[in-house]
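*Asks:* compute the structure for the input listed below.
(chains A and B)
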2 protein chains.
Amino acid sequence: MSPRSLFLLSSSRVHGYEFLEHAKEHLKEFLTKRNVKTVLFVPYAQNDYNKYTELVENTLSPWGFKVEGLHVKQNPIQAVLQAEALFIGGGNTFVLLKALYDENLIPIIRERVLQKGIPYIGSSAGTNVATLSIHTTNDMPVAFPPTFDALRLVPFNINPHYLEPDAATRHKGETRDERINEFIEYHKKPVLGLREGTALLVEGDKAVLVGDRNAKLFMANKEQVEFAPNTDLSFLLNQS
Amino acid sequence: MSPRSLFLLSSSRVHGYEFLEHAKEHLKEFLTKRNVKTVLFVPYAQNDYNKYTELVENTLSPWGFKVEGLHVKQNPIQAVLQAEALFIGGGNTFVLLKALYDENLIPIIRERVLQKGIPYIGSSAGTNVATLSIHTTNDMPVAFPPTFDALRLVPFNINPHYLEPDAATRHKGETRDERINEFIEYHKKPVLGLREGTALLVEGDKAVLVGDRNAKLFMANKEQVEFAPNTDLSFLLNQS
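*Replies:* Numbering: from 1, shown residues only, chains lettered A, B, ... in the order given. Prediction:
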């Protein structure tokens, strides 16, 4: 059985909540039951690493966890090798993935999470990079990474911040559903649309939807399916 | 003086109009005054090349222009070399740019448009690829092109389908303005936000906004500026 432990948030911000507050109890339990004292935070998806790390520190510290920024470490690879837990925050997915490749961190994070089982928290862009590829990000491609292949901690794609088409709009740009279906047309791979306020909790070979809203699964040649919170989504981990 | 002639549409579809109908008079004049009889259409941004070309043919043919699809040509490079005018349609910008590189069409289109002055019409993705790069597309990155550098027929970026942030939304995903400003933060280059219903007409070293709505210009370290229809935007062509 895989030792992996992942908490993949659609977003860190949800309407009506402070930063990460909507997931507070789940995140505390996720880290506490794995005896995590210190979280290594990866702020690469945003521009101001110090400010971003400070925000995470000010959030997790009152919950009882120490936070260290990967950007202040002399040797990032060594820091990941020694980390008790990783948190990769949101921002721009292209900028983030490029930075992970530039720092040669992809294989080492994969090994730590998939072989050693250190807990991984991702939100938004940090969730995108945890999946098969960043082909289903919503972000503007402001940076050019060497590939769109990502950490492949799960064998499918996620669309964070998933939201319904607005039926009343007069805008003719594509809807989110149209964009996701375009991906599926070219790649024939499933995409889990995670609405804000939800997360996917993966423990070994089990996956479950966490939060207060449904998730929507898009698949090739099949109807979309809505899943309610607490649904067992482990079948998604068995994609070839 | 550059012989270039470009008609860069934000979108081919606008609320309340048939396909391309909102730009009918401008497009007819653009082609007629350059004696164009036949338009070579590039359907690469969409999946069904035949259907897409048929739609364009059914639209332009009653206006008096013949339409040929690039995808049915034995030798696409030869077809571009012989084309009287080019129209690159919208769809997915990543798919389109990848196809243009796969077919080795980038240098030949540049030469035909910038040196020989054949008229170029772009809409949405076809407008994105006409600019410096596709860094400011709205599309989902469903394909991986060899670079985000594009045709560079103009020395700045455009954001097609530009629209205001929705002040009432509870969604926490980034707004269009936030995304464009992210690009500018990394690249320090101007971006012209073209609302649906508008286009940029470039004739030699002159550029003018066409349509019934403003365009918004985003620049590094400067306030955004709104420009009314018919404003002379030639200064944008003098970016270094």
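
*Asks:* in the worst-scoring helix or strand of chain A on mean pLDDT, which residues are buried?
*Replies:* None of the helices or strands of chain A scores lower by mean pLDDT, DSSP states H and E than helix A:176-187, at a mean of 95. Within helix A:176-187, the residues that count as buried by 16 or more other CB atoms under 10 Å in any protein chain shown are A:R176, A:D177, A:R179, A:I180, A:N181, A:E182, A:F183, A:I184, A:H187. Using the backbone N, CA and C atoms, a C-beta is placed for each residue, glycine as well.

*Asks:* which SSE is immediately downstream of that helix?
*Replies:* Next in sequence after helix A:176-187, counting helices and strands by DSSP states H and E, comes strand A:191-195.

*Asks:* so what does that next one touch, helix or strand wise?
*Replies:* With contacts defined as 3 or more CB pairs under 8 Å, 6 or more residues apart in numbering or on different chains; DSSP states H and E, strand A:191-195 has these neighbours: strand A:157-162, helix A:176-187, strand A:215-218.

*Asks:* try 10 Å this time
*Replies:* strand A:5-9, strand A:157-162, helix A:176-187, strand A:198-203, strand A:206-211, strand A:215-218 (3 or more CB pairs under 10 Å, 6 or more residues apart in numbering or on different chains; DSSP states H and E).

*Asks:* any idea which helix or strand carries the most centrally placed residue in chain A?
*Replies:* Per CA atoms, centre = their mean, the C-alpha nearest to the average position across chain A is that of A:T127, at 1.2 Å. For A:T127, the enclosing helix or strand under DSSP H and E is helix A:125-128.

*Asks:* residue ranges with poor pLDDT in chain A?
*Replies:* Scanning chain A for pLDDT under 70 picks out A:1, A:240.

*Asks:* just the helices in it please.
*Replies:* A:24-32, A:49-60, A:76-82, A:93-102, A:106-110, A:125-128, A:176-187 (DSSP state H).

*Asks:* export those helices to a markdown table and tack on distance to chain B?
*Replies:* As requested, those are arranged in a markdown table below (distance: least, CB to the nearest CB, whole Å):
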| stretch | distance to chain B |
| --- | --- |
| helix A:24-32 | 16 |
| helix A:49-60 | 14 |
| helix A:76-82 | 21 |
| helix A:93-102 | 7 |
| helix A:106-110 | 16 |
| helix A:125-128 | 10 |
| helix A:176-187 | 4 |
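
*Asks:* circling back to that earlier point, leaving out sequence neighbours, find the closest residue to the residue nearest to the centre of chain A.
*Replies:* Sequence neighbours aside, A:L8 is the residue nearest to A:T127 in space, at 4.3 Å (criterion: CB to CB, 6 or more residues apart in numbering or on different chains).

*Asks:* repeat that for A:G211.
*Replies:* Nearest to A:G211 is A:T198, by CB to CB, 6+ apart, at 3.3 Å.

*Asks:* contacting residues for the one you found?
*Replies:* The neighbours of A:T198, taking CB atoms under 10 Å, 6 or more residues apart in numbering or on different chains as the test, are A:8-11, A:14, A:22-23, A:160, A:162, A:192, A:209-215, A:227, A:229.

*Asks:* please indicate which of these are buried?
*Replies:* A:8-11, A:14, A:22-23, A:160, A:162, A:192, A:209-211, A:213-215, A:227.

*Asks:* for the helix holding A:T127, which helices and strands make contact with it?
*Replies:* strand A:5-9, strand A:86-88, helix A:93-102, strand A:120-123, strand A:157-162.

*Asks:* burial measure for A:T53, as a count.
*Replies:* Using other CB atoms under 10 Å in any protein chain shown, A:T53 is surrounded by 22 other residues.

*Asks:* and what of A:E226?
*Replies:* By other CB under 10 Å, 11 other residues sit near A:E226.

*Asks:* for it, name its beta-bridge partners.
*Replies:* A:E226 has these beta-bridge partners by DSSP bridges: A:K216.

*Asks:* pretty sure it sits against A:E164.
*Replies:* No - A:E226 is beyond contact range of A:E164, at 11.0 Å (criterion: CB atoms under 10 Å).

*Asks:* what is in contact with those two at once?
*Replies:* Residues within reach of A:E226 and of A:E164 at once, by CB under 10 Å, 6+ apart, are A:G193, A:K216.

*Asks:* picking up where we left off before, for the helix holding A:T127, C-alpha coordinates in PDB please.
*Replies:* C-alpha atoms of helix A:125-128 as PDB (Å, rounded to 0.1, in the frame of the first residue of the first chain):
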ATOM      1  CA  ALA A 125      -1.600  26.000  -8.000                       C
ATOM      2  CA  GLY A 126      -0.100  23.700  -5.300                       C
ATOM      3  CA  THR A 127      -2.900  21.200  -6.000                       C
ATOM      4  CA  ASN A 128      -2.500  21.500  -9.800                       C
END
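
*Asks:* could you check how far the spatially closest residue to A:L233 that is not a sequence neighbour is from A:L194?
*Replies:* Excluding its sequence neighbours, the residue lying closest to A:L233 (CB to CB, 6+ apart) is A:A207, at 4.4 Å. Using CB to CB, to the nearest Å, A:A207 is found at 12 Å from A:L194.

*Asks:* these two - which one has more neighbours?
*Replies:* A direct count of neighbours by other CB under 10 Å for A:A207 and A:L194 places A:L194 higher, at 27 against 21.

*Asks:* could you check how far that one is from A:N157?
*Replies:* Distance, A:L194 to A:N157, using CB to CB: 11 Å.

*Asks:* also A:H71?
*Replies:* For A:H71, the distance to A:N157 (CB to CB) stands at 27 Å.

*Asks:* so between these two, which is more surrounded?
*Replies:* More crowded of A:H71 and A:N157, by other CB under 10 Å: A:N157, with 25 against 17.
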